[in-house]
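# Predicted structure and sequence below. I'll ask about it afterward.
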Amino acid sequence: MKIAIIGSNGQLGSDIFEVLNESYSDKVVGLTHNDIDVSELDSVNSVLKEIKPKIIINTAAFHNVPLCEKEMDKAFAVNSGGAENLAKISNELKAVLFHFSTDYVFDGEKKKPYIEKDKPNPLNIYAKSKLEGENRIKKIAEKYYILRVAGLYGKYPSRVKGYNFVGLMLKLAKERDEIRVVDDERTTPTYTREIAEQLSLMIKKEPPFGIYHATAEGECSWYEFAKAIFEISGIKTNLKKAAPGEFATEVKRPKYSVLENFNLKKAEINIFKHWKDELRDYLGSSNL
Ligand SMILES: NC(=O)c1ccc[n+]([C@@H]2O[C@H](COP(=O)([O-])OP(=O)(O)OC[C@H]3O[C@@H](n4cnc5c(N)ncnc54)[C@H](OP(=O)(O)O)[C@@H]3O)[C@@H](O)[C@H]2O)c1
């Protein structure tokens, strides 16, 4: 049984590749953007028909949020069209499709953790294109898992930014006398290694197909997250809450996008820890 991981050199894809390699070694095939373009049906068909995977894991996305506003066609081609192409080939190969989506599909108005049944209402192009990707998979794919994740960090940098929030805070602590971080956006930062372990367990346990929220437990603002990073690392720094609107951009983002892993808990397979415990694991690992 072959497993194809698309975006295998990305922040999340790299950890998934490592974790699955531990259990399935030579059966795991990592695919980078050089190997496959999910937005091109011909590319998807030729590459995956050759490999014939029984599991397809898609971490690829166009997720530079401000750029998605300017390059709407590309956002929909990759995030929606890519999902559709993978849904079609999954059916043809009778493969299970794992696809990643985002907490941004919600508008934040609920102000309590969102469960999978809550109605999405995306606020920006990135989120709209990701929700459309979810919908196409739901409509087309016979065997699929959509995992909604949030606030990713891990030992491999995001391909878009080249760093993650934790690394950025540690860097700024060395460079600046004062660090200012927003306190009015609440989410749950999640360690990519934990998501990879959760996915691995899903492969083994085969829960019902559908949408799964897959984030760490608890919630925090980015300011609270930064505070915990410095506390756990033992770094003394002058951390301040940014004034409302200080880092305002034109792109709308949900102020509250905390997800509850309702379906993972229902299936009794939720392995996520509290975000602070995951952060301790990450900062304590030798990977930094
Ligand atoms: N980062 C977050 O905080 C966050 C939050 C919520 C949800 N998510 C979702 O989580 C998933 C993984 O995010 P990540 O942070 O790991 O992203 P990442 O580090 O940017 O990795 C994405 C990977 O996809 C590849 N890719 C981009 N466009 C592609 C295309 N058209 N065809 C094939 N491959 C393509 C990228 O390659 P190149 O770089 O070479 O183009 C890269 O290897 C995405 O679905 C994202 O929407 C992320």
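Looks like it came in fine.
# Looking at the stretch 1-150 of the chain, which residue is nearest the ligand?
When C-beta to the nearest ligand atom is the measure, the stretch 1-150 of the chain has its nearest residue to the ligand at G10, with 2.2 Å between them. All C-beta spots, glycine's among them, are computed from the backbone N, C-alpha and C.
# So that residue sits against F62, correct?
No: applying C-beta atoms under 8 Å as the test, G10 and F62 come out as separate, 11.9 Å apart.
# those helices in the stretch 1-150 of the chain, which residues are they?
Counting by DSSP state H, counting those that start in this stretch, residue ranges of the helices within the stretch 1-150 of the chain are 11-24, 41-51, 65-70, 72-76, 82-93, 125-140.
# Using CSV, please lay out these together with mean pLDDT and distance to K255.
As requested, the helices of the stretch 1-150 of the chain are exported to CSV (pLDDT from 0 to 100; distance: least, C-beta to C-beta, whole Å):
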stretch, mean pLDDT, distance to K255
helix 11-24, 96, 24
helix 41-51, 98, 36
helix 65-70, 96, 15
helix 72-76, 98, 22
helix 82-93, 98, 27
helix 125-140, 98, 14
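# Format the ones you listed as a markdown table; extra columns: mean neighbour count and distance to V258.
Supplementary listing: the helices of the stretch 1-150 of the chain in a markdown table, determined by neighbours: other C-beta atoms under 10 Å; distance: least, C-beta to C-beta, whole Å:
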| stretch | mean neighbour count | distance to V258 |
| --- | --- | --- |
| helix 11-24 | 20 | 19 |
| helix 41-51 | 15 | 33 |
| helix 65-70 | 16 | 18 |
| helix 72-76 | 18 | 24 |
| helix 82-93 | 22 | 24 |
| helix 125-140 | 22 | 15 |
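# At the contact with the ligand, which residues of the protein appear?
6-7, 9-13, 32-33, 36-39, 59-63, 78, 82, 100, 102-103, 130, 149-152, 158-160 (C-beta under 6 Å from any ligand atom).
# ok, of those residues, which come out buried?
Among the residues of the chain next to the ligand, those buried by neighbour count (16 or more other C-beta atoms under 10 Å) are 6-7, 9-13, 36-39, 59-63, 78, 82, 100, 102-103, 130, 149-152, 158-159.
# Tell me which entries of those residues lie within strands.
Among these, the members falling in strands are 6, 100, 102, 149, 152 (criterion: DSSP state E).
# Which strand or helix spans Y282?
helix 275-284 (DSSP states H and E).
# no no, I211
For I211, the element it lies in under DSSP H and E is strand 210-213.
# helices or strands up against that strand?
strand 144-149, helix 262-266 (3 or more C-beta pairs under 8 Å, 6 or more residues apart in numbering; DSSP states H and E).
# pLDDT score for the spatially most central residue of the chain?
For the chain, the residue sitting closest to the mean C-alpha position, by C-alpha atoms, centre = their mean, is V149 at 4.2 Å. Note for V149: predicted pLDDT of 98.
# How about the contacts made by it?
For V149, the set of contacting residues under the criterion of C-beta atoms under 8 Å, 6 or more residues apart in numbering consists of 12, 100-103, 190, 195, 214-215.
# what's the answer for E197, then?
19, 271.
# What lies in contact with stretch 159-166?
Outside stretch 159-166, the residues within contact range by C-beta under 8 Å, 6+ apart are 7, 9-11, 63-64, 151-154, 157-158, 171, 189, 222, 225-226, 229, 279, 282-283.
# Check which residues of that stretch are buried.
Residues of stretch 159-166 classed as buried by neighbour count (16+ other C-beta under 10 Å): 159, 164-166.
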